[in-house]
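In: what follows is a protein structure lacking sequence information:
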């Protein structure tokens with residue numbers, strides 16, 4: 001079990017140790033954790049088979065990391081800062097970075113803040129919907145705070161709440177994460193992002209939307225749609241792994 005301290009918070013990570021080629025840093029989704037997102041689904045094993053050093057981080061509010069209940073302690077900038085601080089802690093100058101869902105938002109924020117730290121960027125479980133200007137929705141936070149899960153009417157919110165309960169996550173910390181500072185996506189900066197980028201989402205992932213729409217906004221980015229996958233089934237799909245490793249190897253087909 002490995003931890004480091006950043007900004008007064010103790011953050012948990014796992015590290016498979018140096019490999020002969022690049023390091024792949026993995027950032028999990030909302031209500032999940034590093035083991036559930038990346039260990040149980042075979043990503044860490046697959047990366048090791050490929051000869052990659054694999055580092056997984058529990059975002060603050062999740063897993064074995066600190067779980068503050070103040071929304072001010074969250075937001076993309078703070079979570080992206082945790083990723084960059086992890087690289088500094090491990091002495092990693094430049095890595096490949098992949099995030100899924102919330103983790104993809106965090107990974108994108110980290111790459112936009114410090115593009116020189118990343119060889120490649122993989123954004124999973126997000127797409128064109130993040131380009132839409134939408135009013136802030138407090139319903140997910142309220143779902144985390146609800147005493148009785150059966151009072152949650154929206155199926156998507158209920159699914160996230162059920163998953164949080166199954167993982168034994170701190171629901172008040174998750175609600176604070178949702179209510180954290182929200183900075184609109186800088187589309188001009190997105191279009192000048194110089195990190196080679198792959199965007200992956202399921203064909204039935206209505207939460208993400210079309211991955212090609214997001215890829216079109218990033219210089220030279222590629223997109224892959226996973227047939228038949230929704231937001232929850234995409235992470236473990238073999239085609240997701242194949243697309244990512246082909247991208248990292250430079251052989252991804254159109």
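Out: Perfect, I can see it now. Bear in mind that the values here come from a model prediction, so they are computed numbers and not experimental data.
In: the lengthiest helix in the chain packs against which elements?
Out: In the chain, assigned by DSSP state H, the helix with the most residues is helix 76-90. For helix 76-90, the elements it packs on are strand 2-6, strand 9-15, strand 23-27, strand 53-57, helix 102-113, judged by 3 or more C-beta pairs under 8 Å, 6 or more residues apart in numbering; DSSP states H and E. From N, CA and C alone the C-beta is placed, and that goes for glycine too.
In: okay, the angle between the next helix or strand after it and helix 102-113?
Out: The element immediately downstream of helix 76-90 (helix or strand, assigned by DSSP states H and E) is strand 95-100. Relative orientation of strand 95-100 versus helix 102-113 (axes from the mean of the first three to the mean of the last three C-alpha atoms, to 10 degrees): 140 degrees.
In: who does the closest residue to residue 66 other than its chain neighbours form a beta bridge with?
Out: Among residues not flanking residue 66 along the chain, residue 9 sits closest, at 4.0 Å (C-beta to C-beta, 6 or more residues apart in numbering). With DSSP bridges as the criterion, residue 9 is bridged to residue 6.
In: report the contact partners of residue 9.
Out: 60, 65-66, 68, 73, 82 (C-beta atoms under 8 Å, 6 or more residues apart in numbering).
In: what's the spacing between the nearest residue to residue 106 once chain neighbours are set aside and residue 148?
Out: Excluding the flanking residues, the one nearest residue 106 by C-beta to C-beta, 6+ apart is residue 79, at 4.4 Å. Separation of residue 79 from residue 148 (C-beta to C-beta, to the nearest Å): 29 Å.
In: if we can go back for a sec, go ahead and build a PyMOL selection from the buried members of the contacts of residue 9.
Out: The PyMOL command for the buried members of the contacts of residue 9 (criterion: 16 or more other C-beta atoms under 10 Å) is given here:
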select buried, resi 60+65+66+68+73+82
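In: picking that back up, and among the helices and strands packed on helix 76-90, the most buried is which?
Out: strand 23-27 (a mean of 27; mean count of other C-beta atoms under 10 Å).
In: contacts for that one, please.
Out: Strand 23-27 has contacts (C-beta under 8 Å, 6+ apart) with 34, 37-38, 43-44, 47, 52-57, 59, 83, 86-87, 92, 95-100, 103-104, 106-107, 248.
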